[in-house]
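Chemist: My questions concern the predicted model and sequence given below.
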Amino acid sequence: MIYRITFSCDEVSRFRRVFEADSDALFLDLHKAILESVEYPDDQMTSFFICNDRWEKEQEITLIEMGDTDQYENMVMDQTHLSDLLTEQGQRLIYIFDPMFERCFFGSLKEIRSGHMTGVECVETIGKAPQQLQTEDNLDAILGKDGKGDLGDLDMDEDFYGSNGYNEEDLDAEGFQDLSFDDGTMF
């Protein structure tokens with residue numbers, strides 16, 4: 001069988017990648033084809049997730065062996081065929097390309113048709129992919145050069161925390177008299 005899988009990204013309005021893949025291809029083949037199509041280096045701990053109709057993550061397919069979770073066994077890209085998990089048209093998947101910030105491409109199995117091909121091939125490219133990794137420059141654009149973002153001119157030391165220093169008399173001592181840290185029972 002031949003799968004037609006489309007990926008888009010909510011960070012870029014006109015971004016789409018369409019892949020055709022043999023159902024016997026590995027998730028690793030799809031991973032490599034995605035990276036090649038967006039010109040990202042292969043140096044991140046990327047992963048796929050099979051999702052339900054509400055884009056909630058279910059089964060994860062990792063780049064390297066990880067531990068099993070309570071709900072799902074660990075599946076690895078170089079051991080998992082597309083046909084092992086992608087079984088019906090319309091099925092959804094997520095490809096995490098920036099694991100630190102969980103930025104991803106949203107995928108859908110658009111078509112399943114008869115036939116055979118070798119591996120995975122990108123057959124349609126629209127738009128430029130977002131930058132692969134968030135950097136301090138990206139965060140500066142969000143927060144502003146002063147690092148306060150929408151906090152504007154708020155003086156973090158005085159206005160946010162209050163102008164008064166710490167005063168021991170402000171604490172209510174009731175309830176604390178029985179605490180002793182000397183006998184080691186707290187930890």
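Modeler: That came through, no problem.
Chemist: Now for this protein, the helix or strand with the poorest mean pLDDT.
Modeler: helix 136-143 (a mean of 54; mean pLDDT, DSSP states H and E).
Chemist: residue contacts, Leu85?
Modeler: Applying CB atoms under 8 Å, 6 or more residues apart in numbering, we find Leu85 in contact with 50, 59, 61, 75. Heads up, the C-betas are built off the backbone N, CA and C, glycines and all.
Chemist: For this protein, just list every one of the strands.
Modeler: For the chain, the strands defined by DSSP state E cover 2-8, 16-22, 47-51, 57-62, 75-76, 92-98, 103-113, 120-126.
Chemist: Could you export the ones you listed as CSV, including distance to Val38?
Modeler: CSV is the format used below for those (distance: least, CB to CB, whole Å):
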stretch, distance to Val38
strand 2-8, 9
strand 16-22, 7
strand 47-51, 15
strand 57-62, 19
strand 75-76, 22
strand 92-98, 8
strand 103-113, 8
strand 120-126, 9
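Chemist: Point out where the protein drops to low pLDDT.
Modeler: Scanning the chain for pLDDT under 70 picks out 67-72, 135-187.
Chemist: Tell me where the longest helix sits in it.
Modeler: The residue-count maximum for a helix in the chain (DSSP state H) belongs to helix 27-38.
Chemist: distance of Glu88 from Lys128?
Modeler: For Glu88, the distance to Lys128 equals 31 Å [CB to CB, to the nearest Å].
Chemist: what's the answer for Ala33, then?
Modeler: Noted for Ala33: a distance of 17 Å to Lys128, by CB to CB.
Chemist: same deal with Phe49?
Modeler: Distance, Phe49 to Lys128, by CB to CB: 24 Å.
Chemist: Of the two, which one has the most company?
Modeler: Just comparing Phe49 and Lys128: by other CB atoms under 10 Å the higher neighbour count belongs to Phe49, 20 against 11.
Chemist: surely that one meets Ile94?
Modeler: Yes. Using CB atoms under 8 Å, Phe49 is in contact with Ile94, at 4.5 Å.
Chemist: Give me the common contacts of those two.
Modeler: Common neighbours of Phe49 and Ile94, using CB under 8 Å, 6+ apart, are Lys57.
Chemist: How about Leu28: what's its closest non-neighbour residue?
Modeler: Nearest non-adjacent residue to Leu28, counting by CB to CB, 6 or more residues apart in numbering: Met77, 3.9 Å away.
Chemist: What residues does the one you found make contact with?
Modeler: Listed by CB under 8 Å, 6+ apart, the contact set of Met77 reads 26-28, 31, 48, 61-63.
Chemist: Mind picking the two most distant members of these?
Modeler: Leu26 and Thr62 (12.8 Å; CB to CB).
Chemist: what's around Thr118, how many residues?
Modeler: Using other CB under 10 Å: Thr118 sits among 10 other residues.
Chemist: didn't it look like it was pressed against Ala21?
Modeler: No. Applying CB under 8 Å, one finds Thr118 not in contact with Ala21, separated by 9.8 Å.
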